[in-house]
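Engineer: only geometry, no sequence info:
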């Protein structure tokens, strides 16, 4: 199997493979999301065609855009110059958070970077590292709009971290593990009242948690209706206002890569991840899975991710944004009580059955 | 007003999704400009064309232009008489007729005031230039645009037939 | 703060003092935020100087004049036909509507009246430019509040209206079609039929916007109760147009004035809303687009036959006198006070444009709101920079 194959490669080779795999796992979803949803779906929803010139149906547009951004000057505003290093560091922190996040995502029975026992705990922890980057960006830009955007982002991300964690707790209680791989297995080996034809994807039993989680993801990604940190009609571009060229590109990649990775985590937690119901092929445990799932699994996960990103983007293109205080009220008075109630209900049912 | 059954948010999602489906099925409302082109209406004020033979360099257009973007120079010439034995006629010969399209605001007053039907509107619109100075066009260029001048459209029912203006 | 004028300085000090009294214990240093002159929300170059405490506005003052083009002075050195070409650049989205009151004023001085057919066509084009103008507002409203899609719908459907205007007048944005005594030309064949179908599309657009934006709970929570203008305050500040009607004042110059135009020949109603908040202002405009499509449809069906130009001399000289004519433009009351001394051009023209008065309520309205509400309020007041600065 894959693990056995990997152990024969020297350590540096393994590391290299992992880095390359990480790049693919982050950039490929980001690119697909941007092309498929930002360029094409958005355009079609607005009765236009989107980019059509670069490549067939504009499929090479992404490379053209990257090339354009790379050519632009990397400007550091005068007021930010004394702390230029920190100013330049901020986008990298945001991107680093995405790369750290993808580490624990399982793509197949063996296709994974690390098999953490507390995988979801780690994922939620590193996802909030991006707040640091955003706050640094907002503060070090020495621009009032950036500052307001950074502060809004910090307040918002902290507020929505909590419902996200609480929503995940329901899943963790039901699966009995924090290991993402085990959560996938638990869903695909599970059964609903003895019927194991579809496994037991937690989106059914944990529907409330799923909705809360997706709303929190929307807020974590600062997508409309929760995009006040960027809010181009109010704060110009929020914490990204002063960034140009390559560093803006990094923010941009970070945003859409995180959308992809968060959707992957959501599909692992609620939709059965890379797996198919094990009963279809007569598998019982993770060790009995055929090796082709290491190739098929990532594709399944990718498809599920696209479905979830479709919903995220659909909402983004259709809704206006909340106001800052309304958003906080929504998180603290709406989502958190709901998530807490869901935890209680799950715990009671878990003990009862 | 009764409370709507479907929450407004989902209706909004429906609108965007319906547009998505319609665009995928019937095509977009936009056109891919350099590959396909829209034909402007016949009356469209695209560019001013000059029929040089009709111009008497009377300067009416240049004087009525709100931002003085028409430059005319001319001189008088003696032309052979119409009838044999008559006195030679004095005609105005046009030396220069330039319109600076960087200044022109396409109001159409010059076309209106021209008493000899020398100026026409053409729906032609593809004459952009890389440099703003190149937008000053001379009478040969303005004369070339005469070929693109459209016939005046038919009028709507109930319109009074107008004679020669 | 050194750049501010005396009045602004005084208002600022007063607001600081009031603030100090309230926040004796929790005093924090405020922050001055310059919204504009270059800012996506000011669609043009309006500058709003806002003094913030956190995200709350303590004091705000609009600073206009960054795009002053000197129309009132320009009109003094232009002839009457040239002025028409200039003034349709004031409110550039509803340009035909700008020509009409000026032409009516000049006609009033000359004592001529346009033929019935010309009056009808004028009214039709006037309402078409209102539809083009306000439908773009409806899309822009979405962008200001964070929804990206409505603006594309607005541009899509406004294009049909602009095509109509271009087909009839030759100019997409600046028709310059009005003449003293009538119109430049008659409508082209097929205009009536095409307009009917476009009006159907526009009503469909209104439904789409209503479902996409107005029905959305987030939109309602962003606009309801935000920027409330009571009836008496609205009248005191001289608001006009939809901003005034949204405060419950039943006032519409199209109905209340006896002008040589064809509005009274159609059956339509003036839309008012009692609330006076941002939602009411947007809602009134949406309904007005629907009413305008109705007016256009009815006037097209009753278009009388005849000439479109009264008998006027080729070189227009307006006799000595003064006249003020105002009409209900897309943005509100737009009026021209024309003073003539018998020349080919006006001696002096005072332009009363709607946005300048509408924006004057901003300092009163912005006190105590949050930064996102500034954008909501500015968007719902709906100004066009050219109309403020002229």
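Structural biologist: Done, it's in. This one's a predicted model, so the numbers in the text were calculated from it and none came from an experiment.
Engineer: buried residues in stretch A:321-331, which are they?
Structural biologist: A:321, A:322, A:323, A:324, A:326, A:327, A:328, A:330, A:331 (16 or more other Cβ atoms under 10 Å in any protein chain shown). From N, CA and C alone the C-beta is placed, and that goes for glycine too.
Engineer: can you pull out the low-pLDDT segments for chain C?
Structural biologist: Along chain C, segments meeting pLDDT under 70 span C:1-9, C:19-29.
Engineer: which stretches in it count as strands?
Structural biologist: Here chain C has its strands, by DSSP state E, at C:31-35, C:47-53, C:56-63, C:178-179, C:182-183, C:321-329, C:332-340, C:348-352.
Engineer: which other helices and strands contact the fourth one?
Structural biologist: So that's strand C:178-179. helix C:80-87, helix C:95-110 (3 or more Cβ pairs under 8 Å, 6 or more residues apart in numbering or on different chains; DSSP states H and E).
Engineer: is any part of the longest one close to chain B?
Structural biologist: No. Judged by Cβ under 8 Å from any Cβ of the partner chain, helix C:95-110 makes no contact with chain B; its nearest approach is 11.1 Å.
Engineer: any idea how far that helix is from the middle of the chain?
Structural biologist: From the chain centre to the centre of helix C:95-110 is a distance of 16 Å (Cα atoms, centre = their mean, to the nearest Å).
Engineer: which neighbouring elements make contact with that helix?
Structural biologist: Counting by 3+ Cβ pairs under 8 Å, 6+ apart, helix C:95-110 packs on helix C:80-87, helix C:116-144, strand C:178-179, strand C:321-329, strand C:332-340.
Engineer: what count of nearby residues applies to residue A:83?
Structural biologist: 16 (other Cβ atoms under 10 Å in any protein chain shown).
Engineer: close to chain A: what parts of the stretch 101-250 of chain C are there?
Structural biologist: So the stretch 101-250 of chain C meets chain A at C:142-149, C:152-153, C:156, C:212-213, C:216, C:218-219, C:221-222 (Cβ under 8 Å from any Cβ).
Engineer: filter the residues you listed down to the ones in helices?
Structural biologist: C:142, C:143, C:144, C:149, C:152, C:153, C:156, C:218, C:219, C:221, C:222 (DSSP state H).
Engineer: most neighbours among those, please name it.
Structural biologist: For these, the largest neighbour count, defined by other Cβ under 10 Å, is 29 neighbours, found at residue C:219.
Engineer: can you give me the distance of that residue to residue C:362?
Structural biologist: Using Cβ to Cβ, to the nearest Å, residue C:219 is found at 22 Å from residue C:362.
Engineer: picking that back up, report the two of the ones in helices among the residues of the stretch 101-250 of chain C next to chain A separated the most.
Structural biologist: For those, the farthest-apart pair by Cβ to Cβ is C:156 and C:221; their separation is 27.4 Å.
Engineer: up against chain C, what does chain B have?
Structural biologist: B:4, B:7-9, B:11-12, B:14-16, B:19, B:29, B:40-45, B:64, B:66, B:105-109, B:112, B:121, B:153-160.
Engineer: any regions of chain B where pLDDT drops low?
Structural biologist: For chain B, the ranges with pLDDT under 70 are B:1-5, B:161-165.
Engineer: any chance you could map the helices in it?
Structural biologist: B:8-26, B:60-64, B:109-113, B:139-144.
Engineer: run through the residues that contact the closest residue to residue C:362 other than its chain neighbours.
Structural biologist: Excluding the flanking residues, the one nearest residue C:362 by Cβ to Cβ, 6 or more residues apart in numbering or on different chains is residue C:62, at 4.8 Å. Residue C:62 makes contact with C:46, C:47, C:48, C:49, C:359, C:362, C:363, according to Cβ atoms under 8 Å, 6 or more residues apart in numbering or on different chains.
Engineer: find the residue at the geometric middle of the chain.
Structural biologist: You didn't say which chain, so I picked chain A. By Cα atoms, centre = their mean, chain A has its centre lying nearest to residue A:262, at 1.9 Å.
Engineer: try again with chain C
Structural biologist: residue C:331 (1.7 Å).
Engineer: go ahead and confirm it touches residue C:352.
Structural biologist: No. If you go by Cβ atoms under 8 Å, residue C:331 and residue C:352 don't touch, sitting 11.5 Å apart.
Engineer: how near is the residue nearest to residue C:362 to chain B?
Structural biologist: Residue C:62 is 29 Å from chain B, where distance means Cβ to the nearest Cβ, to the nearest Å.
Engineer: distance of that residue from residue A:169?
Structural biologist: For residue C:62 relative to residue A:169 (Cβ to Cβ), the value is 50 Å.
Engineer: and the buried ones among the residues of chain B next to chain C, selectable in PyMOL?
Structural biologist: What follows is the PyMOL syntax selecting those of these that are buried according to 16+ other Cβ under 10 Å:
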select buried, chain B and resi 8+9+11+12+15+16+19+29+40+41+42+43+44+45+64+66+105+106+107+108+109+112+121+153+155+156+159
